[in-house]
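Enquirer: 3D, please:
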Amino acid sequence: MTRSLSPRVLLGAFLCTAAVLLTAGCDEEVLGPTLRGSIEGQVRTFGSNAPIAGASVTTSPATGAFVTDGDGAFALRKVDSGAYNISVRKDGFQTNTLPVAVRDGEITPATIFLEEDEDADRTEAVNAEIVNWTNRAEGNDSTFVDVEYRVRNVGTADISAYEVYVRIETAGTSFFQEARGEMLPVSQADVGTFSKFIRGETAQSVAVDDVWFDSKGL
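Expert: A predicted model of the protein is given here:
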């Protein structure tokens, strides 16, 4: 014998369903969708307009650390909409910063020009090296690279700040990590560590890609 539901039970079920749908709609309306865009840029020399390869690119607010390719190009994908400052550093050039605005679903172009540094060549003033690194798996599809690095002041002046840009190579792609430090006296060394999430990839090599430092602030 089949029993039919009473009108009271049917009404209660309808009201519960309506409440759930209304709540979901309100949450979507209040939170809204995540708005993202992209930045595609070029780094070139001031005057000659030549591309600068291997320049270190960072943003504020932070989105990651990047390095320009052989054509001086870089790309930041799936960046939250909003205002950013793009800073570019390359040894032998003065640092430059460019403000940009990222809009939903749009590609923001950015061209940053660097002037050659008139100071003497300081490439040998800082020595940075990777001391050790290991892959560390967490779960079935998450891998971290644990990296230990050393930065040494081999110049003749104290360093007020430095940044080390590390490249992590996997079979599928490249990852970059920026490590910062302050106050490094002559002949002294800093040893630091960091962990970098590389999704489900496995690191095949870890190397210092570039180093930036400043001694003018002292």
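Enquirer: Next, the distance between the ends of stretch 103-117.
Expert: This stretch, stretch 103-117, spans 34 Å end to end (Cα to Cα, to the nearest Å).
Enquirer: And it, how far out from the chain middle?
Expert: 15 Å (Cα atoms, centre = their mean, to the nearest Å).
Enquirer: pLDDT averaged over it - what is it?
Expert: For stretch 103-117, the mean per-residue pLDDT is 93.
Enquirer: Would you mark the buried spots in that stretch?
Expert: Of all the residues in stretch 103-117, those buried under the rule 16 or more other Cβ atoms under 10 Å are T108, A110, I112, F113, L114. C-beta coordinates here come from the backbone N, C-alpha and C atoms, glycine included.
Enquirer: contacting residues around the helix or strand harbouring G192?
Expert: Here G192, judged by DSSP states H and E, is contained in strand 189-197. Here strand 189-197 makes contact (Cβ atoms under 8 Å, 6 or more residues apart in numbering) with 131, 136, 142-153, 166, 168, 175, 177, 179, 181, 184.
Enquirer: immediately after that strand, which helix or strand?
Expert: strand 203-214.
Enquirer: what comes into contact with that following strand?
Expert: Contacts of strand 203-214 (Cβ under 8 Å, 6+ apart): 54-56, 67, 89-91, 95, 122, 125-126, 128-130, 133, 135, 143, 145, 147, 149, 151, 159-171, 176, 184.
Enquirer: So which of those residues belong to helices?
Expert: Secondary structure from DSSP state H places none of these in helices.
Enquirer: Of those residues, select the buried ones using a PyMOL command.
Expert: A single PyMOL command is used to select the members of the contacts of strand 203-214 judged buried by 16+ other Cβ under 10 Å:
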select buried, resi 55+56+67+89+90+91+122+125+126+128+130+133+143+145+147+149+151+159+161+162+163+164+165+166+167+168+170+176+184
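Enquirer: before we move on, the earlier item: the strand holding G192 pairs with which strands, and in what direction?
Expert: For strand 189-197, the pairing partners within the sheet under DSSP bridges are strand 142-153 (antiparallel).
Enquirer: Quick one: mean pLDDT over the strand it pairs with.
Expert: Strand 142-153 comes out at a mean pLDDT of 96.
Enquirer: Run the angle between it and strand 203-214 for me.
Expert: Relative orientation of strand 142-153 versus strand 203-214 (axes from the mean of the first three to the mean of the last three Cα atoms, to 10 degrees): 40 degrees.
Enquirer: Spell out the residue ranges of the strands in the chain.
Expert: Applying DSSP state E to the chain gives strands spanning 36-45, 56-60, 65-67, 73-80, 82-89, 96-102, 107-114, 126-138, 142-153, 159-170, 174-184, 189-197, 203-214.
Enquirer: and the residue positioned nearest the centre of the chain, what does it touch?
Expert: In the chain, the centroid-proximal residue (Cα atoms, centre = their mean) is G64; its distance is 0.5 Å. Taking Cβ under 8 Å, 6+ apart, we find G64 in contact with T58, L76, F176.
Enquirer: any weak-confidence spans in the chain?
Expert: Within the chain, the stretches with pLDDT under 70 are 1-33, 119-124, 216-218.
Enquirer: how's it carved up into domains?
Expert: As recorded under automatic domain parsing, the domains making up the chain are 36-114, 126-214.
Enquirer: Can you tell me how far D91 is from L114?
Expert: From D91 across to L114, the span is 11 Å (Cβ to Cβ, to the nearest Å).
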